[in-house]
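**Q** The following comprises the amino acid sequence and a computationally predicted model.
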Amino acid sequence: MTEQLGRAAAPTVPFADVGARRPRPDAGPPGPPAWSRADLLLALALFVLAAAWFLWLTRGASAQGVITGEEASITHRDTMALAMGWQPSIWSTNAGGQLFYWLAGHLDPDYGLLYARKWKAVATALLAPLLYLTARRRLGTGRAGGVLAGGLGVLLPGVSVMAWVAIETPLDVVVGLAALLVVTSRRRWWWLGLVLAGLAVSLYTAGLATAVAVVAVAVVRARDLRAVVPALLGALGGLLLLLAPLAWWRNGGIVVTGGGRSGADLSQVGLHLEELARYTLASGSSYYYFSDLPALGGPGVALALLLAAVLALAARGARLWPWAVAGVCAVGLYAVSSGVPGTRRVVLAVVVLGLAAAVGVDVLARWVAERGPRAAAVLPLVLLVAVAVPLVSTTVGWRAELASGTRPLPIDWPFPVDAGGDQATTLARLGDELRAGRLDPRAVGDGWGGTRTLAMIFMLDRRAGRTPALSPGDVVAYYRVSEDCPPLDGAACG
């Protein structure tokens, strides 16, 4: 078993050789061996365990029955609006995320106020097998190193705290990692990585970081003239995917910018880097990161990850550089962005650091095993356990606070809850009042959160088989007289 986990020949594609006309003598083995059943089973097991972990965290967070403002917008209003070809806000720019939740809503047999969280949790769990695949197929680790990569990508608080929140990130990280995995492949369809990079940006603007790395890989591959046409085809596909909403929406027409629509702010770089250090080392508490757990688990874990990542870059930098570029770009985008700061915008950097650290540990384990006890080959698994124990312990404590209500989730939008009730019962009462004619959509929108609330009432009624208390037209009519309308529709408002 030890030999299986640690000393199996590393299935890797030496990326230093991708796109070159002739093999380089220092590039390592010529390509990966066939994918084994053990690898498939390990990747599947990582996904199942990650999904179970994230769904358990989701149940704890959802025990309060509170839906936050962005979740209400993204998972109810924006999905309804996408089906109508209507852009409801200058902040509703991530059409890829809207499409994900639209699909989830149609697939869910139990559509409810918080339906989207479980779908987000399961989708985020794909990080575990993707990281395992990346470590094994691209970065030369043994199976133990691949398991460490997948485990860190699931257990670091910067990922687990965001896994259940029904907003767009880290869906962009999942697709971005898939894009890097594909674009570094030796297969003929490698250019589809550029298309996936466009999808990552459409999901969440932070996906630009992986898009930069994917484009860099494509440029390197284009040293071979035979790769130029596929690279251009992939880039065009990614761009069309990103811009497609402009042709679909009948109003508005803003993509990508969203919360960062004010552009770069170079004057705040120092402040933003200080924030990032605080979020990763001291407390990640920030906009839509509902925890004070540091994104990297604390200074000790962060230092260990950093040292291992440096070792990985020194030993396997020729293979690791695309992922390193993505991580650095994530930090750089955060540093210059004018949007609302927060840990949610650097999940990619957390994941990449964990991946690089797993590679570094694998390098160390192989070095020790060649010179000493072969049992050192399972060093990545030992370290995974050593890191997992404190990370799981603190995350379990945080989850208990959410489940008990000790750490209340904020109702961060103008939605007054009925005395003795909650958001779900208040929405049901508003629907009844609308059906009875005692309230009209304008009054509900003015008093209870605008188009978000109106759209939720319609969507919950429709999916439950009830006669809708209002129509999508009523939601749009309210939008026409709201502050969301002028930036998108100008003179058509009012």
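**A** Everything's here; your move.
**Q** per-domain residue ranges of the chain.
**A** 45-404, 423-492 (automatic domain parsing).
**Q** TSV please, covering these and showing mean pLDDT, mean neighbour count and distance to F415.
**A** (C-beta placed from N, C-alpha, C; glycine too.) What follows is those, written out as TSV (pLDDT from 0 to 100; neighbours: other CB atoms under 10 Å; distance: least, CB to CB, whole Å):
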stretch	mean pLDDT	mean neighbour count	distance to F415
domain 45-404	94	21	8
domain 423-492	95	18	4
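**Q** possible to save those as TSV with distance to V417?
**A** Shown next, in TSV, are the domains of the chain (distance: least, CB to CB, whole Å):
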stretch	distance to V417
domain 45-404	9
domain 423-492	5
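**Q** of all those, which lies closest to W413?
**A** Nearest to W413 among the domains of the chain is domain 45-404 (3.3 Å), distances taken as CB to CB.
**Q** What's the end-to-end length of that closest one?
**A** End-to-end distance for domain 45-404: 30 Å, by CA to CA, to the nearest Å.
**Q** quick one on the thing from earlier: nearest to S36, out of the domains of the chain?
**A** If we rank the domains of the chain by CB to CB, the stretch that ends up nearest is domain 45-404, at 9.1 Å.
**Q** tell me how far that closest one is from the chain's mean position?
**A** 4 Å (CA atoms, centre = their mean, to the nearest Å).
**Q** just to revisit the earlier point, relative to W35, which of the domains of the chain is closest?
**A** domain 45-404 (8.0 Å).
**Q** how much space is there between L409 and A295?
**A** 19 Å (CB to CB, to the nearest Å).
**Q** scratch that, R136
**A** R136 is 25 Å from A295, by CB to CB.
**Q** swap in A357?
**A** In terms of CB to CB, A357 sits 14 Å off from A295.
**Q** again with D362
**A** For D362, the distance to A295 - CB to CB - is 23 Å.
**Q** Same question for A50.
**A** Applying CB to CB to A50 and A295 gives a distance of 18 Å.
**Q** With D422 instead?
**A** Applying CB to CB to D422 and A295 gives a distance of 30 Å.
**Q** Do a quick rundown of the helices in the stretch 51-200 of the chain.
**A** 69-72, 78-84, 95-107, 116-124, 127-133, 143-155, 157-160, 171-183, 192-203 (DSSP state H, counting those that start in this stretch).
**Q** Can you check which of these gets nearest to M456?
**A** That would be helix 69-72 among the helices of the stretch 51-200 of the chain, by CB to CB, at 6.1 Å.
**Q** and the closest one, C-alpha only, in PDB?
**A** Coordinates of each C-alpha in helix 69-72 appear next as PDB, following Å, rounded to 0.1, in the frame of the first residue of the first chain:
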ATOM      1  CA  GLY A  69     -29.000  39.800  -0.200                       C
ATOM      2  CA  GLU A  70     -26.500  38.600  -2.900                       C
ATOM      3  CA  GLU A  71     -27.900  35.000  -2.700                       C
ATOM      4  CA  ALA A  72     -31.400  36.300  -3.200                       C
END
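**Q** Could you find the residue nearest the spatial middle of the protein?
**A** Closest to where the C-alpha atoms of the chain average out (CA atoms, centre = their mean) is P170, at 1.1 Å.
**Q** What's opposite S337 in the beta bridge?
**A** Beta-bridge partners recorded for S337 (DSSP bridges): A264.
**Q** if we can go back for a sec, any idea how far the residue nearest to the centre of the chain is from L313?
**A** 23 Å.
**Q** any idea how far the residue nearest to the centre of the chain is from K120?
**A** 9 Å.
**Q** Need the overlap of contacts for the two.
**A** A163 (CB atoms under 8 Å, 6 or more residues apart in numbering).
**Q** Show me the helices in the stretch 251-400 of the chain, by range?
**A** 269-281, 299-336, 347-371, 379-404.
**Q** same for the third one, what does it pack against?
**A** With contacts defined as 3 or more CB pairs under 8 Å, 6 or more residues apart in numbering; DSSP states H and E, the packing partners of helix 347-371 are helix 127-133, helix 143-155, helix 157-160, helix 171-183, helix 208-221, helix 299-336, helix 379-404.
**Q** and the angle from that helix to helix 269-281?
**A** Helix 347-371 runs at 60 degrees relative to helix 269-281, counting by axes from the mean of the first three to the mean of the last three CA atoms, to 10 degrees.
**Q** pretty sure P408 is in a helix, no?
**A** No: counting by DSSP: H, G, I helix; E, B strand; the rest coil, P408 falls outside a helix, being coil.
**Q** Quick check: nearest residue in space to it, chain neighbours excluded?
**A** Among residues not flanking P408 along the chain, Q64 sits closest, at 6.6 Å (CB to CB, 6 or more residues apart in numbering).
**Q** can you check E401 too?
**A** In space, E401 is closest to R407, 3.9 Å off (CB to CB, 6+ apart).
**Q** dump the residue contacts of that neighbour.
**A** Taking CB under 8 Å, 6+ apart as the test, what R407 contacts is 290-291, 398, 401.
**Q** Apply 10 Å and report the result again.
**A** 61, 64, 290-292, 398-401 (CB atoms under 10 Å, 6 or more residues apart in numbering).
**Q** Let's have those residues in JSON lines, adding distance to L266.
**A** Output for these, formatted as JSON lines (distance: CB to CB, whole Å):
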{"residue": "A61", "distance to L266": "36"}
{"residue": "Q64", "distance to L266": "40"}
{"residue": "F290", "distance to L266": "30"}
{"residue": "S291", "distance to L266": "30"}
{"residue": "D292", "distance to L266": "30"}
{"residue": "W398", "distance to L266": "35"}
{"residue": "R399", "distance to L266": "39"}
{"residue": "A400", "distance to L266": "42"}
{"residue": "E401", "distance to L266": "38"}
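**Q** so which of the residues you listed would you say is closest to G490?
**A** Of those, the one sitting nearest to G490 (CB to CB) turns out to be F290, at 36.7 Å.
**Q** Next, give phi and psi for the closest one.
**A** phi -90, psi 60 (degrees, to the nearest 10).
**Q** Just give the number of residues close to the nearest residue to it once chain neighbours are set aside.
**A** Of all residues not flanking F290 in the chain, L409 sits nearest, at 6.2 Å (CB to CB, 6+ apart). Other residues within reach of L409, judged by other CB atoms under 10 Å, total 18.
**Q** And L409, how far from V346?
**A** L409 is 22 Å from V346, by CB to CB.
**Q** quick revisit: list just the one of the helices of the stretch 51-200 of the chain that sits closest to L307.
**A** Closest among the helices of the stretch 51-200 of the chain, once you apply CB to CB, is helix 143-155, at 14.1 Å.
**Q** Kindly format the C-alpha coordinates of the closest one as CSV.
**A** Taking C-alpha atoms only, helix 143-155 is exported to CSV below (Å, rounded to 0.1, in the frame of the first residue of the first chain):
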residue,chain,number,x,y,z
ARG,A,143,-0.8,9.4,-5.4
ALA,A,144,-0.1,10.5,-1.9
GLY,A,145,0.9,14.0,-3.1
GLY,A,146,-2.3,14.1,-5.3
VAL,A,147,-4.4,13.3,-2.3
LEU,A,148,-2.7,16.0,-0.3
ALA,A,149,-3.4,18.5,-3.1
GLY,A,150,-7.1,17.6,-3.1
GLY,A,151,-7.3,17.6,0.7
LEU,A,152,-5.8,21.0,1.1
GLY,A,153,-8.1,22.4,-1.6
VAL,A,154,-11.1,21.3,0.4
LEU,A,155,-10.0,21.9,4.0
